[in-house]
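*Asks:* Okay, predicted coordinates and the sequence, questions at the end:
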Amino acid sequence: MSIPRDTHVADRVGWVKLARVLSNVISPPTMFAATGLALGVRERGWWPGFGWGALYALIISLTPMLVILYLLRTGRISDLHMSATRERHIPYLTAAASGALVYALLTLLNGPALLRCLAIFNVVTLSSLALINSRWLISIHATAAGATWLIATVVFGPRVGLVVLPVAVLICYVRLYLKRHTPAQVLAGAALGVSIVAIMRLLGCFVI
């Protein structure tokens, strides 16, 4: 894979700067957190649904982000994008463990079924990404984008799915534009996210 466009600080201007900002803001933790909040409200209403969604978002998103910031601060990873596969092992495992923790809490406290499904998705997907990552770099941005689009479609309906789709496509394009991933890595990531959600749907998850 070629050198990413935003590797050097001097190159982070114009479209490259905008693409980097979009990549950092519309990140997997952000997508998972937003999806969790939406699913909590969808099943339980604004309150306590938002509270359940916030609990999910804090555990599933904040914990891995804090771990990544710690690894960045201590020099164990070179940047937030973690383009080297060896840098992704700990964040993936931390995220999978966070998914297991939030599932246990939601089950114990009788939390929303949709959020429990999302927690299972996180555990399965991030464990799969960790295994794939040991051999090949795959786009977790594309995985999260594809999954977010399909969850929005099956839970909230096709119209919402059509609103989310351009955002999902945009974030995949941004990863390609920044040369953080190859087309194969982005397509594989999106296919993984969509496939796992589709299988879970067939097994009875993400159903209102």
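*Replies:* Alright, I've got the coordinates.

*Asks:* In this structure residue 143 contacts residue 132, no?
*Replies:* No: Residue 143 is beyond contact range of residue 132, at 9.8 Å (criterion: Cβ atoms under 8 Å). The way it works is simple: take the backbone N, C-alpha and C, and place the C-beta from them, glycine included.

*Asks:* list the residues that contact both of those two?
*Replies:* With contacts taken as Cβ atoms under 8 Å, 6 or more residues apart in numbering, the residues that reach both residue 143 and residue 132 are residue 192.

*Asks:* So for those two, which sits in the more crowded spot?
*Replies:* The neighbour count for residue 143 versus residue 132, taken as other Cβ atoms under 10 Å, is higher for residue 143 (27 against 19).

*Asks:* Skip the chain neighbours and tell me the closest residue to the residue nearest the centre of the chain.
*Replies:* Nearest residue to the geometric centre of the chain (Cα atoms, centre = their mean): residue 28, 2.8 Å. In space, and not counting its chain neighbours, residue 28 is closest to residue 144: 3.9 Å by Cβ to Cβ, 6 or more residues apart in numbering.

*Asks:* Helix, strand or coil: sort out the one you found for me.
*Replies:* helix (DSSP: H, G, I helix; E, B strand; the rest coil).

*Asks:* Which of the helices and strands in the protein ranks last by mean pLDDT?
*Replies:* helix 63-73 (a mean of 79; mean pLDDT, DSSP states H and E).

*Asks:* what helices or strands is it leaning on?
*Replies:* helix 89-108 (3 or more Cβ pairs under 8 Å, 6 or more residues apart in numbering; DSSP states H and E).

*Asks:* between the next helix or strand after the helix it packs on and helix 63-73, how many degrees?
*Replies:* Next helix or strand after helix 89-108 toward the C-terminus (DSSP states H and E): helix 113-133. Orientation of helix 113-133 against helix 63-73 (axes from the mean of the first three to the mean of the last three Cα atoms, to 10 degrees) gives an angle of 30 degrees.
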